[in-house]
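Asks: Show me how the following folds:
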Amino acid sequence: MVDLDRFSRAWLKDKLKSQEVVMRWIMDQSKVHGDVVLTPPATDKAPTYHLYVSHDDGRNGQVKVLSFNARDGQIDLIYYDLGRVAPFNSQERMDSYQASLSRLVPGMGGKPGRYGVIKLPFLANPANVSELLDLVGAALRDVRVADGRLPSQARNPPPGALAATTVGGFGTGDAEADALTGAEFDPDAIDADEERRLASIKDRRGQTAFRKALLEAYGERCAISGCSTVEVLEAAHIYPYRGDDTQAVTNGILLRSDLHTLFDLGLLNVEPADYRVVMDATLKGGEYGQFDGQRLDLPANEKFRPSALALRWRERQGASETGT
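Replies: Numbering: from 1, shown residues only. Here you go, the predicted model:
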């Protein structure tokens, strides 16, 4: 577990709400994934805390992602370390990540490809900090996917698609019409042999249309958090992808990337009867506890709401087969 005691006495001590957002985010990253480390300053003359994520290809098995400067309260985004590992060792992918951050923080300083500096007054607003961490969280998920620690449906995303490995394949198949159907999805209607055949091509078809359909149905907002940063919104399958028949909007929920991860891990579930969120007991004491018992923000069009049949199937199966 990450020790935040010293950090809490130093970084943004006069901006407690923003500090709390960061502390809860770090703690939740630590609790869910167990692969982040926050190191304290080496000396009082350089009061900087560094956040690392484990990665086999990083220096000493770690990749530095963020630094918190306790002297002036700024956050440094460490591009040059992140750029050493997949998928961000692709310049196009790194450019996309930096562009997304720059859209959130216009005029963000830093040398291209090395680091970005985010300062007050941006950091004084906890909502800004939360959106920033959503983007960083999407990047961390991508690193974990590339390292084989999380499931993915796309190992080679196209340029300009932040967190594309977590959204799914980006093929150019003709599944858009299927994705837009409002028919209730019934998992028992899927033929087992056809499932196995279609599973072999899941990386190549339909996911672009599926995500596009969910973005439209949910008004480009996460069904749980309300996040509207499109770059970190992901199309989560309730019943796993098995070809075009599983691309119905009613077999999906639009989620922020970190909530998608929890959904995949079985740490976040949805009640079929009333669409209420059920958080795992281990997360109720942290930042994610606020979502427990909350009802999904459902599509205005009732025919696009999540299939109760698919949610009940997921409830029966548990998390063992439901990674999307």
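Asks: where do the helices sit along this protein?
Replies: Applying DSSP state H to the chain gives helices spanning 5-8, 16-33, 79-82, 91-104, 126-146, 164-167, 176-179, 192-199, 207-217, 257-264, 308-317.
Asks: Adding distance to His237 and mean neighbour count, write these out as a markdown table.
Replies: No exception for glycine: its C-beta is placed from N, CA and C like everyone else's. Formatted as a markdown table, these follow (distance: least, C-beta to C-beta, whole Å; neighbours: other C-beta atoms under 10 Å):
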| stretch | distance to His237 | mean neighbour count |
| --- | --- | --- |
| helix 5-8 | 37 | 14 |
| helix 16-33 | 20 | 19 |
| helix 79-82 | 28 | 20 |
| helix 91-104 | 24 | 17 |
| helix 126-146 | 16 | 21 |
| helix 164-167 | 11 | 28 |
| helix 176-179 | 11 | 18 |
| helix 192-199 | 12 | 12 |
| helix 207-217 | 8 | 22 |
| helix 257-264 | 9 | 25 |
| helix 308-317 | 9 | 18 |
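Asks: Would you tell me which of these gets closest to Asp72?
Replies: helix 16-33 (14.0 Å; C-beta to C-beta).
Asks: Identify the residues contacting that closest one?
Replies: 1-2, 4, 7-8, 11-13, 36, 38, 51, 68, 123-126, 129-130, 133, 137, 140, 144, 149, 258, 261-262, 265, 267, 282-283, 286-288 (C-beta atoms under 8 Å, 6 or more residues apart in numbering).
Asks: Same check on stretch 63-82?
Replies: 7, 10-12, 15, 22, 41, 47-55, 58-59, 84-85, 88, 94, 97-98, 101, 110, 113-120, 123, 132, 136, 139-140, 143.
Asks: In ChimeraX, select just the buried ones from those residues.
Replies: To isolate the buried members of the contacts of stretch 63-82 in ChimeraX, using 16 or more other C-beta atoms under 10 Å:
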select :7,10,11,12,15,22,41,47,48,49,50,51,52,53,54,55,58,85,88,94,97,98,101,110,115,116,117,118,119,123,132,136,139,140,143
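Asks: model confidence over stretch 210-228, on average?
Replies: Average pLDDT, stretch 210-228: 93.
Asks: Equivalent analysis for stretch 16-30, please.
Replies: 87.
Asks: With just CA atoms, put that stretch into PDB.
Replies: Extracted in PDB, the C-alpha atoms of stretch 16-30 (Å, rounded to 0.1, in the frame of the first residue of the first chain):
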ATOM      1  CA  LEU A  16      -7.200  20.200   0.400                       C
ATOM      2  CA  LYS A  17     -10.000  19.200  -2.000                       C
ATOM      3  CA  SER A  18      -7.600  18.900  -4.900                       C
ATOM      4  CA  GLN A  19      -5.100  17.100  -2.800                       C
ATOM      5  CA  GLU A  20      -7.800  14.600  -1.600                       C
ATOM      6  CA  VAL A  21      -8.700  13.800  -5.300                       C
ATOM      7  CA  VAL A  22      -5.000  12.900  -6.000                       C
ATOM      8  CA  MET A  23      -4.600  10.900  -2.800                       C
ATOM      9  CA  ARG A  24      -7.700   8.900  -3.300                       C
ATOM     10  CA  TRP A  25      -6.700   8.300  -7.000                       C
ATOM     11  CA  ILE A  26      -3.300   7.000  -6.000                       C
ATOM     12  CA  MET A  27      -4.700   4.800  -3.200                       C
ATOM     13  CA  ASP A  28      -7.300   3.300  -5.600                       C
ATOM     14  CA  GLN A  29      -4.600   2.700  -8.200                       C
ATOM     15  CA  SER A  30      -2.600   0.900  -5.500                       C
END
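Asks: Report the distance from that stretch to the chain centre.
Replies: Offset of stretch 16-30 from its chain centre (C-alpha atoms, centre = their mean, to the nearest Å): 16 Å.
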